[in-house]
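Undergrad: give me a model of this one.
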Amino acid sequence: MRWFMLAVAVPLLAINGGAAAFEIKPVHTEKCLDVTGASQAPGARIIQFGCHGGDNQRWFFRNSPDRTSQIVSARSRMCMDVEGASTGNGAAIIQFRCKKPNTSGASNQKFRVVNVPGSVADDPRVFLKNVHSGKCLDVDGASPFDGAGLIQFQCLGQPNQQFRTR
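TA: As a prediction, this is how the structure comes out:
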C-alpha cells in the first residue's frame, strides 16, 4: 500500500519520504479539522478546533487511480468516514478503520478533491465531495466555534464547505 499527500497545484509527494501531513482548514474560520479529544477510537467525531499542531489535526490523502482520496488521520491512521454510509444531509463525519479503497462498501470513505471555481493559485480552495453520497464536507451550521461537528450536506458552495490544505 502506498500513501500519498495531496495539495492543490502541488505534485503528489510520497509520505514515506518524510514529508509532513496536512492541516485542513474551513475557509470561513481557518480553524483545523480535528479528531475530537485526540481519540484513537473508531467512531470519534471530526470537528473544527483552533489549530495547535497536534497529530489529531493533521491528515494524509491516500489517493486512488480513480482520482479519489481517503483522508487519513496522522494520529489514529483511521479514515474520515460518513457515519453509517448515510446519503442524507447532516450525517456526521467520523473516523473509522480504513477500508481497502477499491472494495465494496468503501465509497463512504472516499472523497473527490474539487477545486472551488474562481480559486486562485495563491489562495487555493477545494470542496471535499463524498463519493458515496455526492455531498460536500461541511461545518455544521457554518458555526465559527471550536467543537462544531463536520457533516455532509448538499453542495451549496458556501465558505463552510470550502477548505484549504497546508
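
Undergrad: least confident secondary structure element in the protein?
TA: strand 10-14 (a mean of 35; mean pLDDT, DSSP states H and E).

Undergrad: buried set for stretch 39-49?
TA: Judged by neighbour count using 16 or more other Cβ atoms under 10 Å, the buried positions of stretch 39-49 are 39, 44-49. For every residue, glycine as well, the C-beta is placed using N, CA and C.

Undergrad: give the contact list for residue 126.
TA: 8, 113-116, 119, 162-165 (Cβ atoms under 8 Å, 6 or more residues apart in numbering).

Undergrad: on that earlier part again, which secondary structure elements does the helix or strand following the least confident helix or strand of the chain contact?
TA: Tracing the chain C-terminally past strand 10-14 and defining elements by DSSP states H and E, one meets strand 24-26 next. For strand 24-26, the elements it packs on are strand 32-35, strand 163-165, judged by 3 or more Cβ pairs under 8 Å, 6 or more residues apart in numbering; DSSP states H and E.

Undergrad: can you list the strands that strand 24-26 pairs with?
TA: On the basis of DSSP bridges, the sheet neighbours of strand 24-26 come out as strand 163-165 (antiparallel).

Undergrad: what sits up against the strand it pairs with?
TA: Outside strand 163-165, the residues that touch it by Cβ under 8 Å, 6+ apart are 6-8, 22-27, 30, 33, 59, 123-128, 137.

Undergrad: return a ChimeraX selection command for the buried portion of the residues you listed.
TA: In ChimeraX syntax, the buried subset of these is picked out as below (16+ other Cβ under 10 Å):
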select :6,7,8,22,23,24,25,26,27,33,59,124,125,126,127,128,137
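
Undergrad: just the mean pLDDT for stretch 152-166, thanks.
TA: The average of the pLDDT scores along stretch 152-166 is 96.
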